[in-house]
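# Test case, fold it:
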Amino acid sequence: MVVYNFKTIQVVPSGKDFVDIILSRTQRKTPTVVHKGYSIGRIRAFYMRKVKFTATNYNEKLTQILQDFPLLNDIHPFYADLINVLYDKDHYKLALGQLNIARHLIDQLGKDYVRLLKYGDSLYRCKQLKRAAMGRMCTLMKKQSPSLAYLEQVRQHLARLPSIDPNTRTLLLCGYPNVGKSSFMNKMTRANVDVQPYAFTTKSLFVGHMDYRFVRWQVIDTPGILDHPLEDRNTIEMQSITALAHLNACVLFMVDISEQCGYTIKEQVGLFHSIKPLFSNKSLIVVINKIDVVRPEKLASEDWELIQNLTQPAQGGVGGVQVVPMSTLTEEGVSNVKQIACDTLLKDRVEKKLNSARGPKDLNRLHLAVPVPRDSKVRAPFIPESVAKGKGKEKDEMEGLDPKMLRIMKLMEKEEEEASLYSEGLIPGLGNMDWKEAYLLKDDEWKYDKIPEIMDGHNIADWIDPEIALMLDELEREEEEREALAEAEGEYVEKFASDEELDADDKVLIDEIKEKRGVAKMLHAMRPRHSTELSRQKAVNKRAVELGENLEDRGIDEESAGRSAESLAERKESFSRSRSRSREAASHMAGRKRVRSESRSGSSTISVSASRERSQSRGLSRSLSRSSLGRTSSPKPGGGYHDLLEKIRAIKKARRSQRVPNKAAKKGEGDRVILNMKPKHLLSGKGGIGKRDWR
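From the prediction side, this is the model:
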């Protein structure tokens, strides 16, 4: 179980954002208008509420930040030292202390200005006191901007730290850079640590998990350590030192015997002796890596002696340490290292628990029940003599056989047993149930036939001719006789008639037919495709026919309906003729007046109709020349347009209607864009629930 979860720390805003958040909340949550009829007491309460609310918000926000960040004295020493290494413990405490002081100062400012507001004698004085109080609070918070920025960086880095449980079963990998620690961790766990052929690829602690003996284990990969004094080590190396000092784990000290890491065996042994105090009270295993390059038996005697001295206390080593070889490339010995390390750590943890203060108390609560014989009579197990002889005989026969041969013989015996069960209608593994007993057949003797294939409750063998084999043999014999006879007579038997059976006239006729078919196909492909739309005349004729049929269905005489339609058309024509005469008369009178006025001014006479026609043609030509409407094709019959002019007007109208959506950057009528995300009538003011419809 992970003890600490630093990912839950809330974001720390900057100084400016902090002030904006608090003032915005004050503006939204408190009244904003002082009306003319307010008494001085109500005005004081109005501004006191604002000052108190602002001070309370500052206090709550700062308290949340101080509670989220861990206190170094209250957490595990491993995390306390890790924070000291990464972020500087003094700087961390100083930043939190400054925020704590700012919180107390803001509380004191709020109390002081509330006390002064109680004695405000005018609206102006109360307003200025409120302004001074909130201004001093905001100035105080802006001074904390460096501390807030530092804590935000610490929060981001803490959230990226791996979740390490200091109290669980842990394997800790350490050693020089590039000796194979990350490769070993990738083999052992499901972690994916970056592996590169250069030093200090791993710059921080990485955690992986594995299962051994049905429990979860934690494996920690540490950055490489160099052999120099503690004060000369950098932040990357100090993370490894912190993990070695505080985690109760089994330490795997990795040694590269091939020296491909860039450090000799003597230098690696020197690092072991320099950090040996960190191995006290911990399980320790020396792992020799990269044996695929150099085998341990091929090492120089001096180097091998240095490695062996690590296990001898008299030579400066650590007693009880095992040296285990492995290769992460070929995976030779990896599982052996895992098993030895886990067993060693389990044994060490059990011993520590027994030697602790709680060990004797826990042992006193346990009781191991041992059965006691009720009398001195010996009750030996009984084995029948025949069974004992059979076992002895089989044992004597099997002693001289190869183990592989014994395994093959057992498999063969098992297959024979299963085959015998299947032949008897039994299924092995299902309690040897007799399924054939439930078959519903005409004769019960058929249940155990060789081919008991049943479908829909019937035996397939009922539809098989008993003389089918004889009939097949006879057919094969007849085919052989026919083939022999055909070969003797020299005939060429073919399934379909060949071209030799046709005479010359038939062949010429076939060629002509093929040629005509090819020409017809070519003409059909070259012919333009016809439109499915009916021509205007055909459509009118079709509608006339449908109208006549509809009149007949309704019982109306077609001739009388035609006469009434003709009379209606005549009346309509006469009405349009009279309207045209009235227009002409009006235009004639207007022309006479215009001629009279123009004769007086000396201008030329232009009729109204001519000028109208000229203006229409000029406007149409101008619109056609301005846009691509001049290239508009004439309307097709049935397209819904009377003529080309009507089609152009419809296109222009459609474009005009699209101007407003285009200006609003909308794709079309279906584009729904909410331009005002916060309408003022819904979000302004301090109305309660159900009181915003009038604002």
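# The spatially closest residue to Val321 that is not a sequence neighbour - how many residues pack around it?
The shortest distance from Val321 to any non-neighbouring residue, by C-beta to C-beta, 6 or more residues apart in numbering, is to Thr311 (4.5 Å). (Each C-beta comes from the backbone N, C-alpha and C, glycine too.) Using other C-beta atoms under 10 Å, Thr311 has 16 other residues around it.
# Then Arg131?
13.
# tell me the mean pLDDT for the helix or strand containing it?
Using DSSP states H and E, Arg131 sits in helix 123-142. Average pLDDT, helix 123-142: 94.
# In it, which of the residues would be classed as buried?
Judged by neighbour count using 16 or more other C-beta atoms under 10 Å, the buried positions of helix 123-142 are 123, 125-127, 129-130, 133-134, 136-138, 140-141.
# what packs against it?
Counting contacts by 3 or more C-beta pairs under 8 Å, 6 or more residues apart in numbering; DSSP states H and E, helix 123-142 is packed against helix 15-29, helix 40-68, helix 89-117.
# any idea how far the helix or strand where Ala469 lies is from the chain center?
Using DSSP H and E, Ala469 sits in helix 468-489. The chain centre lies 70 Å from the centre of helix 468-489; the measure is C-alpha atoms, centre = their mean, to the nearest Å.
# quick one, the next helix-or-strand element following the helix holding Arg131 and helix 15-29 angle?
Sequence order places helix 145-160 as the next helix or strand after helix 123-142, per DSSP H and E. Calculated by axes from the mean of the first three to the mean of the last three C-alpha atoms, to 10 degrees, helix 145-160 forms an angle of 90 degrees with helix 15-29.
# Please work out which residues outside helix 145-160 touch it.
Outside helix 145-160, the residues within contact range by C-beta atoms under 8 Å, 6 or more residues apart in numbering are 6-7, 9, 11-16, 18, 65, 69, 83, 86-87, 91-92, 94-96, 98-99.
# Between helix 40-68 and it, find me the angle.
40 degrees.
# is it true that Phe253 lies in a strand?
Yes: assigned with DSSP: H, G, I helix; E, B strand; the rest coil, Phe253 falls within a strand.
# okay, now it: neighbour count?
25.
# Hmm, Ile288 and it touching each other?
No: assessed by C-beta atoms under 8 Å, Phe253 is found out of contact with Ile288, at 10.1 Å.
# Dihedrals phi and psi, the residue nearest to Gly180 when sequence neighbours are not counted?
Leaving out its chain neighbours, the residue that sits closest to Gly180 by C-beta to C-beta, 6+ apart is Asn289, at 4.3 Å. Dihedral pair for Asn289: phi -100, psi 160, per degrees, to the nearest 10.
# ok, back up a step: let me have the buried residues of helix 123-142 in CSV, extended by distance to Lys276.
Listed next are these as CSV, based on distance: C-beta to C-beta, whole Å:
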residue, distance to Lys276
Leu123, 78
Arg125, 75
Cys126, 73
Lys127, 72
Leu129, 68
Lys130, 67
Ala133, 62
Met134, 61
Arg136, 58
Met137, 56
Cys138, 57
Leu140, 52
Met141, 51
